[in-house]
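J.: I would like to see how this sequence folds:
(2 chains)
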Amino acid sequence: MNSQQPVSKPSGPKPWYDPRVRALVFQALALAAVFWAGWVLIDNTLANMESRGISTGFGFLDQSAGFGIIMHLIPYDATMSYGRTFWVGLLNTLLVSFLGIVAATILGFLLGVARLSSNWLVARLALVYIEVIRNIPLLLQIFFWYFAVLRNLPAPRQSLELAGLAFLNNRGLYLPDPVAQEGAGALFAICLLAVVAVVVLRIWAKRRQRATGRIFPTFRVGLAILVLVPALGYLATGAPIAWDVPELRGFNYRGGLTLIPELAALWVALSLYTAAFIAEIVRSGILSVSKGQTEASKALGLPNGLTLRLVVIPQAMRVIIPPLTSQYLNLTKNSSLATAIGYPDLVAVFMGTTLNQTGQAVEVVAMTMAVYLSISLFISLLMNLYNRAVAIKER
Amino acid sequence: MGGSVMKPPVSRLAPVQWIRQNLFSTWYNTLLTLAVGWLLVTSVVPVFDWLIFGATFSGDGPGDCVGKGACWLFINQRLNFFIYGFYPDAEQWRVDIMFALLALSFVPQFIDRFPGRTWFGLFGLTGLPLCGYILIPGGWFGLEPVDSSKWGGLMLTLVIAYVGIIASLPIGVLLALGRRSEMPIIRGLCIVFIEVWRAVPLITVLFMASVMLPLFLPEGMNFEKLLRALIGITLWQSAYMAEVIRGGLQAIPRGQYEAASALGLGYWRRMGLVILPQALKLVIPGIVNTFIALFKDTTLVLIIGLFDVLGAVQSTVTDPAWQNVATEGYVFVAFCFWVFCFGISRYSQNLERKLDTGHKT
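T.: Have a look, this model is predicted:
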């Protein structure tokens, strides 16, 4: 009876046993469940917001904020809009993250190397530092620096001072502020020129070394150019930078650059905490370079410094970079702990005050989360590019 | 194969030789040793002076703290608050039982030869949360109910960390399996979920849980603050957990997956009976490490107004009756956390060494 069909299809499994059909059904179900949950959430949220009289949409970003912010990198006052508070907070977050990443990297690398030092005392001390700092919550460390250390500094009238230029008291750290005078543009151009000259010199020296084998002392000459040219330029352009030195007026110092204690505490705590993690990463990276590499380099007659610079560090960096990236991201995310001590970062200003005043939770939370998501994606992207550049290139 | 290789003989150095080799091998090492040693002596002496020798340990009230050293009397007098929060005195035995059960489940894990320690551990993962669910909030078997707003101190810290880790484990397993699934939509959903939660700081998650969760729920339905925080922490933690477990799943050789399929096992049996038992065993150290991270992060709940151990201390150090006891309070909390975290991390390193039975080449 099958003879009527010219081509008989191989009879597959029944549809509900067919993995492809099952996969389709499962995915359809999952998608439907997600959409249903999303719809219920949105429906509930809209109903709740209506019953509480909260408006929706991003119109609030243009309204006047009406609250002050103690630190702003861009001009800001209470009459400006909520949209402006977003940018003020974002810049403050980026500032403390950047400062923290720089300090934590330097300290972390030093500690990581100290951990491997042949000096027993130094290695032990680094170990103790790492084990203590890593196992204490960051928030506690921030509190310690802010409430126990910086709050106990002397009042402005009894400030600790350094040569009458820098002052440290419980209101913050006051530093002289450079103010550009006439001719500063020329000085800036001269400095830029010096940097370009050093880069050109380096390229030329490398080329010459490849062609002739003669080594040019790039580092020393470069350093000399970088120091001497701007110094001579400074004198030649007639000392175009004036210093605005902070002065005690009334109850506090005025003028100069101010590092508010909130920023200082956050910066110190973030750097010290993250440095402990970076130190362990650096240590494992250096240990991952096999001993044979060092020995081979010594056998070639390279001195210690060059062995480190040309053989060990480039190979260690491959191991160090990926976990280092995630530490940078952690630091950026941890900077949101600023809220706890009142440093006006994105979370404190926007998700705190702005959200409380407008009540538009959904928009504010979505914007804040979007910022962290983009920072995270951006840093990952940069580090992946770098990682690709230093990864082992196999034939 | 490892046993047949003989270790090189251990060379023993005389103390003088050891000192010369490890502290004064070159001129710069000598300088470094002297500088660091001087720094240590000048800083450690005052610190110990403050911590122990000049400190006040007992007394009746703030007036007794007159010495130059630390005022441990403050911690001494507030200890009950730091451990139990506002939990009523008459009911604190319930929390004590939980502390004892917690110790009973996990202390044996540190002792290699302890009989049946796996069972103690399994109890800690299953029976302990159940006991806690009955004992701490009360309301069952004639136990007086204690509102969650009265929980606080070290107890609350442990509750949050414990619930966070236990609840996020199953969700993390599902997410990890989903991320390795062959169905593109399921995989995509899991990747988005994991990456979004991992990218945002815990504070934003807690804010969201305390501000937005009430908006998401239908009218008339509301959770208390602690439960909202727990939901936020669990979702956030499950994303991290998923990544740890995914690492374990990826470490299982392909042959295991194929062998399980060849036996004719369906997906859930394949995973449940063959893959997950091996993968989870591999990632125990990773899970322990995420637990340490979560344990430290529980301090953040004080920002949304819950009194964990740091929150409890923070709320009392500003008490005007005691002058300037912030440092003492912080040192106390730091010590609590340090003991827990350092102990657990040592345990995890130990475990890592033991579980490393030559899977890696």
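
J.: Could you report the separation of residue A:193 from residue A:182?
T.: Going from residue A:193 to residue A:182 by Cβ to Cβ, to the nearest Å gives 19 Å. Glycine gets a C-beta too; all of them are placed from N, C-alpha and C.

J.: same check, this time on residue B:267
T.: 76 Å.

J.: again, but for residue A:252
T.: From residue A:252 to residue A:182 the distance is 31 Å (Cβ to Cβ).

J.: Between those two, which has more neighbouring residues?
T.: More neighbours surround residue A:252 than the other of residue A:252 and residue A:182, with 16 against 9 (other Cβ atoms under 10 Å in any protein chain shown).

J.: Could you pull up phi and psi at that one?
T.: phi -150, psi 170 (degrees, to the nearest 10).

J.: Does it have any beta-bridge partners, and if so which?
T.: Beta-bridge partners for residue A:252, by DSSP bridges, are residue A:249.

J.: roughly how far apart are it and chain B?
T.: Going from residue A:252 to chain B by Cβ to the nearest Cβ, to the nearest Å gives 23 Å.

J.: Is that residue in contact with residue A:156, as I believe?
T.: Yes - judged on Cβ atoms under 8 Å, residue A:252 makes contact with residue A:156 at a distance of 5.0 Å.

J.: what do those two both touch?
T.: Both residue A:252 and residue A:156 are contacted by residue A:171, under the criterion Cβ atoms under 8 Å, 6 or more residues apart in numbering or on different chains.

J.: pLDDT at residue 358, what is it?
T.: You didn't say which chain, so I picked chain A. With respect to pLDDT, residue A:358 scores 82.

J.: could you do chain B instead?
T.: 52.

J.: got it, and residue A:255?
T.: At residue A:255, pLDDT is 71.

J.: Please apply the same query to residue B:220.
T.: At residue B:220, pLDDT is 69.

J.: what's the closest non-adjacent residue to residue A:343?
T.: Counting by Cβ to Cβ, 6 or more residues apart in numbering or on different chains, residue A:343 lies nearest to residue A:262, which is 3.7 Å off, once chain neighbours are set aside.

J.: what's the answer for residue A:176, then?
T.: Excluding the flanking residues, the one nearest residue A:176 by Cβ to Cβ, 6+ apart is residue A:243, at 4.3 Å.

J.: and the one you found, helix, strand or coil?
T.: Recorded secondary structure, residue A:243: strand (DSSP: H, G, I helix; E, B strand; the rest coil).

J.: So it versus chain B, what's the distance?
T.: On the measure of Cβ to the nearest Cβ, residue A:243 and chain B end up 33 Å apart.

J.: Wait, that residue touches residue A:177, no?
T.: Yes - assessed by Cβ under 8 Å, residue A:243 is found in contact with residue A:177 at 7.0 Å.

J.: Make sure residue B:186 is actually in contact with residue B:178.
T.: Yes - here residue B:186 reaches residue B:178: they are 5.2 Å apart, a contact under Cβ under 8 Å.

J.: Against which helices or strands is the helix or strand encompassing residue A:39 packed?
T.: Element membership of residue A:39, judged by DSSP states H and E, is helix A:19-52. The elements that helix A:19-52 packs onto, with contact taken as 3 or more Cβ pairs under 8 Å, 6 or more residues apart in numbering or on different chains; DSSP states H and E, are helix B:184-199, helix B:213-216.

J.: Check which helices and strands the helix or strand that the longest one is followed by sits against.
T.: If I follow you right, that is helix B:184-199. Remark: after helix B:184-199, the chain's next helix or strand is helix B:202-211, criterion DSSP H and E. Helix B:202-211 is packed against helix A:361-390, helix B:225-251, with contacts defined by 3+ Cβ pairs under 8 Å, 6+ apart.

J.: do the shortest one and chain A meet at all?
T.: No - using Cβ under 8 Å from any Cβ of the partner chain, we find that helix B:225-251 stays clear of chain A, coming within 10.6 Å at best.

J.: what separates that helix from the chain centre, distance-wise?
T.: 14 Å (Cα atoms, centre = their mean, to the nearest Å).

J.: Run through who's touching the helix or strand just after it.
T.: For helix B:225-251, the following helix or strand on the C-terminal side (DSSP H and E) is helix B:254-262. Identification of contacts with helix B:254-262 by Cβ under 8 Å, 6+ apart yields B:269-270, B:273-275, B:278.

J.: okay, now residue A:165: neighbour count?
T.: 13.

J.: which residues sit in contact with it?
T.: Per Cβ under 8 Å, 6+ apart, neighbours of residue A:165: A:175-176, A:243, A:245.

J.: does stretch B:347-355 come close to chain A?
T.: No - against chain A, stretch B:347-355 shows no contacts by Cβ under 8 Å from any Cβ, the least distance being 11.4 Å.

J.: In contact with residue B:118, which residues?
T.: Here residue B:118 is in contact with no residue (Cβ under 8 Å, 6+ apart).

J.: what's the pLDDT at it?
T.: 79.

J.: Could you do residue A:13 as well?
T.: Predicted confidence (pLDDT) for residue A:13: 67.

J.: Next: residue B:29.
T.: In this prediction, residue B:29 has a pLDDT value of 81.

J.: That one is in contact with residue A:121, isn't it?
T.: No - applying Cβ under 8 Å as the test, residue B:29 and residue A:121 come out as separate, 9.3 Å apart.

J.: Common neighbours of the two, please.
T.: residue B:23.

J.: Which stretches in chain B count as strands?
T.: Remark: no strands are assigned in chain B by DSSP state E.

J.: what sits against residue A:312?
T.: A:286, A:289, A:293-294, A:297.

J.: before we move on, back to that, mind checking the SS state of the residue nearest to residue A:343?
T.: Taking three-state DSSP, the label given to residue A:262 is helix.

J.: Many thanks, we can stop here.
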